[in-house]
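Trainee: Provided below for reference: sequence and predicted model.
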Amino acid sequence: QVQLVESGGGLVQAGGSLSVSCVASGSIFSINVMGWYRQAPGKQRELVAAITSGGSTNYADSVKGRFTISRDNAKNTVYLQMNSLKPEDTAVYYCNAAAQAYGRTWYLDYWGQGTQVTVSS
């Protein structure tokens, strides 16, 4: 009922910048929190950044000051601008949304398919 499609990512040298975006579509009544997670090989998926519908943000300590999350509520889109990238930022980045579909009274977590971000040293 709700689909998340990511775009962006790719390969960049250390110190460079990349951006990723995610559009939510489908039978959406409301979206609460949208966020980005990442999973590196052999590691657990971790929160990178999240943003509420009101614009409050939360960042992992490892990305504070380097990454910026933003959101366009009218477009059901969330963005992640990544600056000063480091090799340890290499991971698959997943979009997440807590969304309420039409006809439902509860929120569910939805996930995108993931997009690869690779930072070379």
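Mentor: Arrived safely, thanks for sending.
Trainee: now the residue of the chain most remote from its centre, nearest residue through space, not along the chain?
Mentor: Distance from the C-alpha centroid of the chain peaks at Gly103, with 25.9 Å (C-alpha atoms, centre = their mean). Distances taken as C-beta to C-beta, 6 or more residues apart in numbering place Ser27 nearest to Gly103, at 7.6 Å, with adjacent residues excluded. In this view, the C-beta of every residue, glycine as well, is placed from N, C-alpha and C.
Trainee: residues contacting the spatially closest residue to Val117 that is not a sequence neighbour?
Mentor: Excluding the flanking residues, the one nearest Val117 by C-beta to C-beta, 6+ apart is Gly9, at 4.7 Å. The contact partners of Gly9, by C-beta atoms under 8 Å, 6 or more residues apart in numbering, come to 18, 20, 93, 115-117.
Trainee: show me the beta-bridge partners of the residue most central in space within the chain.
Mentor: By C-alpha atoms, centre = their mean, the mean C-alpha position of the chain lies nearest to Trp36, the distance being 2.5 Å. Note on Trp36: beta-bridge partners by DSSP bridges are Ala49, Cys95.
Trainee: my guess is it contacts Val20. True?
Mentor: Yes - counting by C-beta atoms under 8 Å, Trp36 does reach Val20; the two are 7.2 Å apart.
Trainee: shared neighbours of the two, anything?
Mentor: 80, 93, 95.
Trainee: now pLDDT and neighbour count too, for those, in TSV please.
Mentor: Formatted as TSV, the shared contacts of Trp36 and Val20 follow (pLDDT from 0 to 100; neighbours: other C-beta atoms under 10 Å):
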residue	pLDDT	neighbour count
Leu80	98	26
Tyr93	98	23
Cys95	98	26
